[in-house]
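**Student:** when you get a sec, could you give me coordinates for this:
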Amino acid sequence: MRDFEIEKALAFIDEHIEEKLYLNDIAKELGYNPFYVSRMFSHIMGISIVSYIRMRKLQFAFSALQKSKTVLEVAFQYGFESHEGFTRSFKRFFGFSPKVIKDQKITYTIPKYCVLRERSMEIMNRKNLVEEMHMMVFLLLMESIAEMQKGHCSRIRVSLLPNNYVEIMDDGRGIPLVDELQKSNEILNHIFGGHPMSSLDYVNIEDFNNLELNMVNSLCESMSVCVWRNGKSYSQSYINGVAGHELIIEASSHKSGMKVTLKPNSNIFGNALWSKEMIKEFIDKNAADYADYILVEET
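**Tutor:** Predicted structure coming up:
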């Protein structure tokens, strides 16, 4: 099968996404026997055609849930046999129940997939996974280092925690949040608000060097952000990029700063672990003049 034939199969699946899709229908559309289509699709896309169809149905369902339709209506629209079965599949794929979408304002666009070609094979080797996972911490760390370089931060601490969590904490100025809940929610969502991401979404990221903070959040199973500013703490937690609750604002004796705690998505990064040596090497290379004020610890 050639690239344009795979693209034809992907387009056919999207065009008929609300129908019961069978391998025979796709094979007939392409003019090949079903066994060949199944084998070549898995080889090129890195996922079985059945799993791909189910994933696309869930992604389209996510978009539909942002509108006024009920969970049951969306479940039947995309061919799920029951509310329970749809909810179970949705939660397994996205990490939270469809009800969360009805309760939270979430920005989500159905991804458009292309043929994965060579990067799909390269990206899953362990070395690349470890390096790209660490780039998420490096981006957060550079935000704190920039505060230090401007003279607004005197200490940075990177803690490698159990269960592959990592925490970056500084005593900088903190994000300029205010007591007005809606405005602070908007500020945090603009900076960190992400969306659920699958392994195929990850493969389609062409340049990891240009990551944004909301993309880092999308690549995490969980992330929590705490900002200290003007005698208040502002706390938010996320699951797969989506805010888990209203922003919590409380009085605090902590002067200023920010703490971000995250756990990378194991469906994407597998068993890749944080490396104290890689983080220290990054600091020595990018902030050698400030290395004495940046602590990297394992707890």
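
**Student:** how about the nearest residue to residue 179, chain neighbours excluded?
**Tutor:** With sequence-adjacent residues excluded and distances taken as CB to CB, 6 or more residues apart in numbering, residue 179 is closest to residue 249, at 6.5 Å. Where you see a C-beta, it was placed from the backbone N, CA and C, and this is true even at glycine.

**Student:** could you do residue 37 as well?
**Tutor:** Using CB to CB, 6+ apart, the nearest residue to residue 37 is residue 27, at 4.4 Å.

**Student:** if I've got this straight, the residue nearest to residue 179 is in a strand?
**Tutor:** Yes. Assessed by DSSP: H, G, I helix; E, B strand; the rest coil, residue 249 belongs to a strand.

**Student:** and it, bridged to which residues?
**Tutor:** When bridges are called by DSSP bridges, residue 249 pairs up with residue 234.

**Student:** the host helix or strand of residue 281 - contacts with which helices or strands?
**Tutor:** Using DSSP states H and E, the element containing residue 281 is helix 276-286. With contacts defined as 3 or more CB pairs under 8 Å, 6 or more residues apart in numbering; DSSP states H and E, helix 276-286 has these neighbours: helix 126-149, strand 294-298.

**Student:** ranking these by burial, who's on top?
**Tutor:** Here the criterion is mean neighbour count by mean count of other CB atoms under 10 Å, and of those the winner is helix 126-149, at a mean of 18.

**Student:** now the helix holding residue 281: average pLDDT?
**Tutor:** Per-residue pLDDT over helix 276-286 has a mean of 96.

**Student:** quick one: it to strand 294-298, angle?
**Tutor:** Here helix 276-286 points in a direction 170 degrees away from that of strand 294-298 (axes from the mean of the first three to the mean of the last three CA atoms, to 10 degrees).

**Student:** go ahead and name everything in contact with helix 276-286.
**Tutor:** Contacts to helix 276-286, defined as CB atoms under 8 Å, 6 or more residues apart in numbering, come from residues 130, 134, 137-138, 141-142, 145, 158, 160, 290-291, 294, 296-298.

**Student:** list the buried residues for that helix?
**Tutor:** By 16 or more other CB atoms under 10 Å, the buried positions in helix 276-286 come out as 278-279, 282-283.

**Student:** from these, which is closest to residue 209?
**Tutor:** residue 282 (13.3 Å; CB to CB).

**Student:** from residue 138, how far out is that closest one?
**Tutor:** Distance from residue 282 to residue 138, counting by CB to CB, to the nearest Å: 5 Å.

**Student:** cool, and residue 128?
**Tutor:** 15 Å.

**Student:** over to residue 160?
**Tutor:** Separation of residue 160 from residue 138 (CB to CB) stands at 14 Å.

**Student:** what number of residues are in the vicinity of residue 6?
**Tutor:** When neighbours are counted by other CB atoms under 10 Å, residue 6 registers 21.

**Student:** what about it, which helix or strand?
**Tutor:** Using DSSP H and E, residue 6 falls within helix 3-15.

**Student:** now the element after that helix, going C-ward?
**Tutor:** Toward the C-terminus, helix 3-15 is succeeded by helix 23-30 as the next helix or strand (DSSP H and E).

**Student:** what helices or strands is that following helix leaning on?
**Tutor:** Using 3+ CB pairs under 8 Å, 6+ apart: helix 23-30 touches helix 3-15, helix 34-45, helix 49-65.

**Student:** turn the ones you listed into a markdown table, including mean pLDDT and distance to residue 219.
**Tutor:** A markdown table is the format used below for these (pLDDT from 0 to 100; distance: least, CB to CB, whole Å):
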| stretch | mean pLDDT | distance to residue 219 |
| --- | --- | --- |
| helix 3-15 | 88 | 23 |
| helix 34-45 | 86 | 20 |
| helix 49-65 | 89 | 17 |
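
**Student:** still on that earlier bit, out of the buried residues of helix 276-286, which is nearest to residue 100?
**Tutor:** Of these, the one sitting nearest to residue 100 (CB to CB) turns out to be residue 279, at 32.5 Å.

**Student:** and the closest one, how close does it get to residue 296?
**Tutor:** With distances taken as CB to CB, residue 279 is found 5 Å from residue 296.

**Student:** rewinding a little: would you list the helices and strands packed on helix 23-30 in JSON lines and tack on distance to residue 242?
**Tutor:** Putting those into JSON lines (distance: least, CB to CB, whole Å) gives the following:
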{"stretch": "helix 3-15", "distance to residue 242": "24"}
{"stretch": "helix 34-45", "distance to residue 242": "26"}
{"stretch": "helix 49-65", "distance to residue 242": "10"}
